[in-house]
Every structure is written in structure tokens, then in C-alpha cells.
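Q: just coords:
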């Protein structure tokens, strides 16, 4: 393979050298003719008979396999540079898409969060955007599916609606456009939200001397509204005090 490549390069260089020598000899001949006749110009000498060879040199597809592109003009260099850049961008796009696939094997992701993740990994904006769009077109990424999974999992973990809404907004998703969130909002607002807060405190009671304050902080951190956290903390603290008194 190395010998074939070396031979191809040698043949190409020989062709180039022959063209240059013939062109130079032709130029000298015309110059002498012009001096004798006085009506011939070097700028008028024909080049059409070299067109096939020159075009073959400038077209990478016509070169022998493995031959490098030897550019003789600024346009050749520009085309070669663009070809290399296009190939590099294609590799980057495939790499970004592969990264998305790996992330989705772990859990669902929102499109906006995937885009930010790719940027943080060093991918250019247009590469990241195209990779995410490709994943969306393939059905691998769905913001609707992500939002539904997020809402239901957070509710099962005992988180409050305010905290769930904040997570959705961080993913550039409007909570009011998420059916699962709206369903929970109308179902759990008021007494139901308070009941969920009390269930969370009962399942994982705060360990602190000031029970009421600790319960309030816990609920706020879990994403409950301040009024719900205040009422639930007060009820929990009263129940805790009553149990403490009975056990004395």
C-alpha cells in the first residue's frame, strides 16, 4: 500500500513537472515568434490542450487512490480547507449525537438541558443544536415525555408543586403547558397539598431540637409553598409535642 501511494505521488509530480516544462518551452517559443512578427502576444497563447490535465489535478476525485491534493492556487487551497472542515464538523456532529444517546440511556432529558450539556462539553453551538434536533426527529428526545416523568417522579418523592414548577422552568418548559402538573395542581392544591406535606414529615421527620423550624425548612427545601409549609410545620410540631408529653 505504501509503495502504491508513493508511486502515485511520484507519477503526479512527474505530470506537474512535464506541464510546467512544456508551458515554459511554449512560452519561450511564442516570445520569439512575437519578436519576429510583432503582432503576437503572450497573453493570447492557448491553454486548452492542457485543460484536461490541469482540471484532473484540481479535482481530488480524479487523483489516484491515496494521493494528496497538491494545490497550485488559492482557490484549490480554499476548497481543500473547506472539505477538511466539513469532514471535521461531521465527526463532531456524530460525536455529539453519540453523547446524547449515552445520556438518554441513563434517564430522560429535556432538549434545552441536553443543549446546555453539549455546550459545557465543548461542542460548538450549531453542532449542539443540530445534534439535539436530530435526537428530537428520531424520537429519542421529547420535552413532553420528560415533563410528565419529572412531575410524576417528584410527586412520588413528596416534593411540592412550587419546586416541581421550578425544575420545569429550568428546563425551559412552561409548567402550565404540562398536563401532569396541571392535574396535580388542581388536585393537590389546598388540603391535598397540606396532606402530602404532613405525610412527608411523618415519613422522614426532621431531627432537631426546634421541630417546628426544622419541619418548615425541610418542606420549603422540598418545594412547598411557604403558607403550606407554615401550616404543616405547625401541625407537625403540635403532634410531636403531644407525643412527647404522653411518653413522659
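A: That came in fine, so what should we check first? Please read all numbers here as calculations on a predicted model, not as lab measurements.
Q: point to the helix or strand of the chain where mean pLDDT is at its lowest.
A: helix 51-58 (a mean of 37; mean pLDDT, DSSP states H and E).
Q: ok, which stretches of this structure are helices?
A: Secondary structure of the chain, counting by DSSP state H: helices at 2-37, 51-58, 74-106, 111-120, 125-137, 143-156, 161-170, 179-188, 191-203, 211-221, 226-246.
Q: by mean pLDDT, show me the worst of those helices.
A: Of all the helices of the chain, the minimum mean pLDDT falls on helix 51-58 (a mean of 37).
Q: which ones are touching the nearest residue to residue 220 once chain neighbours are set aside?
A: Among residues not flanking residue 220 along the chain, residue 229 sits closest, at 5.0 Å (Cβ to Cβ, 6 or more residues apart in numbering). Every C-beta, even on glycine, is put in place using the N, C-alpha and C of the backbone. Residues near residue 229 by Cβ atoms under 8 Å, 6 or more residues apart in numbering: 160, 197, 215-216, 219-220.
Q: for those, pick the one with the most neighbours.
A: For these, the largest number of neighbours (other Cβ atoms under 10 Å) sits with residue 219, at 29 neighbours.
Q: can you tell me how far the nearest residue to it once chain neighbours are set aside is from residue 214?
A: Using Cβ to Cβ, 6+ apart and skipping the chain neighbours, the partner closest in space to residue 219 is residue 229 (3.7 Å). As judged by Cβ to Cβ, to the nearest Å, residue 229 and residue 214 stand 11 Å apart.
Q: grab the nearest non-local neighbour of residue 150.
A: residue 167 (6.2 Å).
Q: many thanks, we can stop here.
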